[in-house]
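Q: heads up, no residue letters with this:
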Ligand code: F6P
């Protein structure tokens, strides 16, 4: 296959831009403020980078274009492929399987075929763009076959893979009818990154169980054959972060601080404002959290209007049935609690099914006394880190599920097991009642960690391990 011209090629399901298609069919795009873009942008610009991804719209064929110095190469998906590959295999097979089967994964051969075909399309696009001896960095569970497919097409390049979500234990992963193909796909990479050490160990255990390959610690030995020398695949944890400094600066802006005061006023100046911010996803533990809050009102340990819960649940994957069902359940529960405990002008739960821009989020974080992150399973959870980055006043309490990747790093949080409703209720009350001295002590510890380990450090550390891999035949020393 002929080489392209970009030294660093990022491959992710979505492009770093949002497309809008007008009624007359004309297409426009704007930069999307996602974390991955922020993480990769400096490297992409410095290393002459290209980004391969889907536009988010069906059947949209668009020529490659430059978005603020990043070459964007759209991959077209048909409406049927979106249903089978994205909503089906990625979000109704892999997503629940990799999140501890919180809902039952569906296994359909037709979905798998679409996943394979779409992965092949992404791999071909990456292989066509990467320069001789360049680097391809593949992201996440939607594209696990891409590393091996790129290696097949371009054995001269270095390949990295980062899984943003958990990697399950072999007992769960073994359910997947295509488990061997997935492991072989990922093993096409030179470096395989995970959020937690336990995810990396789960992956290596799956390699041991499902293949005959030898492993040495977290390194998998791939034997050579006639055309290919032997090589090694390193698995390791690289916990992702946020642009902490940017969030810190945002929350220090006078207009954002003023907006935080307004939010509290609009809510009737409650003594305690509790906040949840999530995509409306069954992994996030929203029902468990709202149930615990409702029981605290029932027990009289919290009362309205002194305490109120603001729950932002941004719309997500709305064509997938499990997400539709979750919405019904959450909205029924919120309605019941408001019916039982709300007063005129003072609902117990303020539920918002929208997403908000970063400055409004920073104001909400600043306004909240207690931040509730109660995910049942989460690769990392960046909301927890955003809350900490926003609190330069050293106030506020983070209640954090032990089942998030963030729990490995954020030792100053109040840890909860969201399945243990009684335990969680006690921890929420402890957070509400925590004195300011203890809040400050914990928040300072959290902030040191979040401000030091930002997303730029994350991408640098992954790429520096990747570029330390011996160059494949015909390769260079990397970006
Ligand atoms: O890693 C999980 C993830 O794919 C994130 O990258 C993304 O922000 C989120 O899930 C929602 O993804 P999507 O809307 O593309 O399904």
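A: Arrived safely. None of the values given here were measured: they were computed from a predicted structure. Residues are numbered from 1 along each chain as shown.
Q: please count neighbours and contacts with C-alpha atoms only from this point.
A: Noted.
Q: out of everything not next to it in sequence, what's closest to the residue in the stretch 101-250 of the chain that the ligand sits nearest to?
A: Of all residues in the stretch 101-250 of the chain, residue 164 sits closest to the ligand, at 4.6 Å by Cα to the nearest ligand atom. Nearest residue to residue 164, sequence neighbours excluded (Cα to Cα, 6 or more residues apart in numbering): residue 140, at 5.4 Å.
Q: wait, doesn't the residue of the stretch 101-250 of the chain closest to the ligand sit right on residue 196?
A: No. Between residue 164 and residue 196 there is no contact under Cα atoms under 8 Å: 9.9 Å.
Q: and for the two, which residues touch both?
A: Common neighbours of residue 164 and residue 196, using Cα atoms under 8 Å, 6 or more residues apart in numbering, are residue 379.
Q: which of the two has more neighbours?
A: residue 196 (26 against 19; other Cα atoms under 10 Å).
Q: my guess is the more buried one meets residue 240, correct?
A: No. At 9.6 Å, residue 196 and residue 240 do not qualify as touching, with contact defined as Cα under 8 Å.
Q: all helices for the stretch 101-250 of the chain, in order.
A: All helices of the stretch 101-250 of the chain, identified by DSSP state H, counting those that start in this stretch, fall at 109-129, 146-153, 170-173, 179-186, 197-210, 244-252.
Q: quick one, the first one and helix 146-153 angle?
A: Spelled out, it's helix 109-129. Note on geometry: by axes from the mean of the first three to the mean of the last three Cα atoms, to 10 degrees, helix 109-129 and helix 146-153 are set 50 degrees apart in direction.
Q: buried sites along helix 109-129?
A: 111-112, 114-116, 118-129 (16 or more other Cα atoms under 10 Å).
Q: number of residues surrounding residue 208?
A: 15.
Q: same question, residue 148
A: 23.
Q: with the one 3 residues further on instead?
A: Residue 151 is flanked by 21 other residues according to other Cα under 10 Å.
Q: thought residue 187 was touching it, still the case?
A: No. Residue 151 is not in contact with residue 187 according to Cα under 8 Å; the separation is 9.9 Å.
Q: do the lowest-mean-pLDDT helix or strand in the chain and the ligand come into contact?
A: Taking mean pLDDT, DSSP states H and E as the measure, the chain has helix 35-46 as its least confident helix or strand, at a mean of 77. No. Using Cα under 6 Å from any ligand atom, helix 35-46 stays clear of the ligand, coming no nearer than 7.7 Å.
Q: can you read off the pLDDT for the residue positioned nearest the centre of the chain?
A: For the chain, the residue nearest the mean C-alpha position is residue 164 (5.4 Å; Cα atoms, centre = their mean). Looking at residue 164, its pLDDT is 96.
Q: next one: residue 411
A: The predicted local confidence for residue 411 is 94.
Q: quick check: it touching residue 447?
A: No. Assessed by Cα under 8 Å, residue 411 is found out of contact with residue 447, at 10.9 Å.
Q: what does the protein put close to the ligand?
A: Checking the chain against the ligand by Cα under 6 Å from any ligand atom, the hits are 164, 165, 316, 317.
Q: out of those residues, which one sits closest to residue 330?
A: Ranked by distance to residue 330 (Cα to Cα), these are led by residue 316 at 13.9 Å.
Q: if I look at the closest one, how far off is residue 258?
A: 30 Å (Cα to Cα, to the nearest Å).
Q: and for residue 193?
A: From residue 193 across to residue 258, the span is 40 Å (Cα to Cα).
Q: for the two, indicate the residue with more neighbours.
A: Neighbour totals were compared for residue 193 and residue 258, and residue 193 leads with 25 against 12 (other Cα under 10 Å).
Q: what's the burial count for the closest residue to the more buried one other than its chain neighbours?
A: Closest residue in space to residue 193, ignoring its immediate chain neighbours: residue 162 at 4.5 Å, by Cα to Cα, 6+ apart. When neighbours are counted by other Cα under 10 Å, residue 162 registers 25.
Q: is residue 162 in a bridge, and if so with what?
A: Taking DSSP bridges as the rule, residue 162 bridges to residue 139, residue 193.
Q: and if you look at residue 400?
A: Beta-bridge partners for residue 400, by DSSP bridges, are residue 373, residue 415.
Q: pretty sure it contacts residue 373?
A: Yes. Contact status for residue 400 versus residue 373: in contact at 4.9 Å, counting by Cα under 8 Å.
Q: between the two, what contacts are shared?
A: residue 384.
Q: distance of residue 471 from the ligand?
A: Residue 471 sits 29 Å away from the ligand, taking Cα to the nearest ligand atom, to the nearest Å as the criterion.
Q: what of residue 53?
A: Residue 53 is 11 Å from the ligand, by Cα to the nearest ligand atom.
Q: wait, is that residue part of a helix?
A: No. Counting by DSSP: H, G, I helix; E, B strand; the rest coil, residue 53 falls outside a helix, being strand.
Q: okay, now residue 458: neighbour count?
A: A count of nearby residues for residue 458, using other Cα under 10 Å, gives 18.
Q: wait, what's in contact with it?
A: Shown in contact with residue 458 (Cα under 8 Å, 6+ apart): 39, 238, 239, 240, 241.
Q: can we see that at 6 Å?
A: Going by Cα atoms under 6 Å, 6 or more residues apart in numbering, residue 458 touches residue 240.
Q: where's it, which helix or strand?
A: Following DSSP states H and E, one finds residue 458 within helix 455-467.
Q: now swap in residue 278 and tell me
A: In the assignment (DSSP H and E), residue 278 maps to strand 272-279.
Q: now do that strand: which elements does it pack against?
A: Helices and strands touching strand 272-279, by 3 or more Cα pairs under 6 Å, 6 or more residues apart in numbering; DSSP states H and E, are strand 307-314, strand 370-373.
Q: name the next helix or strand downstream of that strand, please.
A: For strand 272-279, the following helix or strand on the C-terminal side (DSSP H and E) is helix 286-299.
Q: list the buried residues of that following helix.
A: For helix 286-299, burial by neighbour count (16+ other Cα under 10 Å) applies to 286, 287, 288, 289, 290, 291, 292, 293, 294, 295, 296, 297.
Q: residues contacting the nearest residue to residue 259 once chain neighbours are set aside?
A: Nearest non-adjacent residue to residue 259, counting by Cα to Cα, 6+ apart: residue 363, 5.8 Å away. For residue 363, the contact set (Cα under 6 Å, 6+ apart) comprises 256, 259, 260.
Q: most surrounded residue in those residues?
A: Using other Cα under 10 Å as the neighbour criterion, residue 260 leads the contacts of residue 363 with 22 neighbours.
Q: from the chain's centroid, how far away is the host helix or strand of that residue?
A: Using DSSP H and E, residue 260 maps to helix 254-266. Computed by Cα atoms, centre = their mean, to the nearest Å, the separation of helix 254-266 from the middle of its chain amounts to 28 Å.
Q: great, nothing more from me.
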